[in-house]
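>>> Need a 3D model of the following:
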Amino acid sequence: MMNYSVKVMDRYFIPNVAGIGDWIMRSAIVRDILIAHPDIEMYSSNKAIQWRNKDVIRCKKRKAINKFGAKRIAMRYYPGVKRTKREDGYKTYYELMRGFTEGQIGRPIPETVPHATLSLFDEEKEKASHLPDKYCVLLAQSKTQFKTWGQENFQKCIDALRGDVQFVSIGAMDTEQSTLDGVVDLRGKTTLSEAISIVHHSKCLLSSVGLGSHLGACVPTVDGDYSRKFVTIFGGKEHPDRLPYENMIGFHSVGKLDCCAKTDCYRRKQFGCYRKNQGLVKDCFKMINPEEVALSVSEIYNEQD
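Numbers count the residues shown, from 1 in each chain. As a prediction, the model looks like this:
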């Protein structure tokens, strides 16, 4: 909790973030700032950030800046992605975001844990009665079409595991998973809190790169640790080394196409794709074999608890 006996030296306002996955990563930086520097106050109008860290003061931007003198702080990682040389390898988004933020506040931000660690509310620790005893969470949607593995590939994976793995599908209701067969379909039927609870009670998780990766790593297991194993489809857009999730199995195609021959294409192009006329699923994602993905999911699912 905030230490009110400490004189506040600096105040910062955290702007709204584009997606929940970005919020999850930024929450780790906020956590470490407040641990290392109790004389800093953090403000945000984003209820998701304030919701999981009660030391962040919920406040509108104009009030935080004009009344309390807070400075706007951006927590970004893409500038670091662009500047990193290929020979330096892949720095994680957390490392790049931490370095970018240190430059803005002029102070070091010591790392406590390599990734975000989401705390749970009491109601999230209770398992909903409509959930199977054992299941794998499926989050097949992607924030952009450049990160999707596609409905057909997910269906092939589900079919290969029919009778072996029970999938529970979460996320927003859209057309991407509209005809997936053999899943407990909860898309569009859960709040974010309920989705976090579903992940909390899951055995494993399968998703395209994005929110699912962060939920799989940063939502604690029923044992209270972060040991959940999960599978992420990266294609050639991003390399798995950009995420510090040691229990993640990442399928990628970096190095297999001319557009991502030496590095993932995210280093050169934040949005879009170099290859034209590919349809919804890009060539680099088409190269990921559903049978190999299904094998990894099955191995995780059937490990002894």
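
>>> wait, is residue 138 part of a strand?
Yes. Assessed with DSSP: H, G, I helix; E, B strand; the rest coil, residue 138 lies in a strand.

>>> Leaving out chain neighbours, which residue sits closest to residue 121?
Leaving aside its chain neighbours, residue 121 sits nearest to residue 193 (6.9 Å; criterion: Cβ to Cβ, 6 or more residues apart in numbering). The C-beta positions use only the backbone N, C-alpha and C, and glycine is treated the same way.

>>> Contact partners for that neighbour?
Residues near residue 193 by Cβ atoms under 8 Å, 6 or more residues apart in numbering: 121, 123-124.

>>> Would you reformat those as TSV and include pLDDT?
TSV is the format used below for the contacts of residue 193 (pLDDT from 0 to 100):
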residue	pLDDT
121	89
123	93
124	94
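
>>> Of these - the most surrounded one?
Neighbour count (other Cβ atoms under 10 Å) singles out residue 124 as the most crowded of these, with 20 neighbours.

>>> A helix includes that residue, no?
Yes. Under three-state DSSP, residue 124 sits within a helix.

>>> In this structure it contacts residue 196, no?
Yes. Under the criterion of Cβ atoms under 8 Å, residue 124 makes contact with residue 196 at 5.7 Å.

>>> Spatially central, which residue of the chain would that be?
residue 214 (2.7 Å; Cα atoms, centre = their mean).

>>> Assign a three-state SS to the residue lying closest to that residue once chain neighbours are set aside, would you?
Closest residue to residue 214 apart from its sequence neighbours, by Cβ to Cβ, 6+ apart: residue 24 at 4.4 Å. At residue 24 the chain is in helix, as set by three-state DSSP.

>>> continuing past the worst-scoring helix or strand of the chain on mean pLDDT, what's the next helix or strand?
Least confident element among the helices and strands of the chain, by mean pLDDT, DSSP states H and E: helix 47-52 (a mean of 66). Where DSSP states H and E defines the elements, the next helix or strand beyond helix 47-52 is strand 56-58.

>>> can you list contacts of the next helix or strand after that following strand?
Once strand 56-58 ends, the next helix or strand along the chain (criterion: DSSP H and E) is helix 61-66. Under the criterion Cβ under 8 Å, 6+ apart, residues 11, 13, 15, 43, 45, 57, 70-72 lie in contact with helix 61-66.
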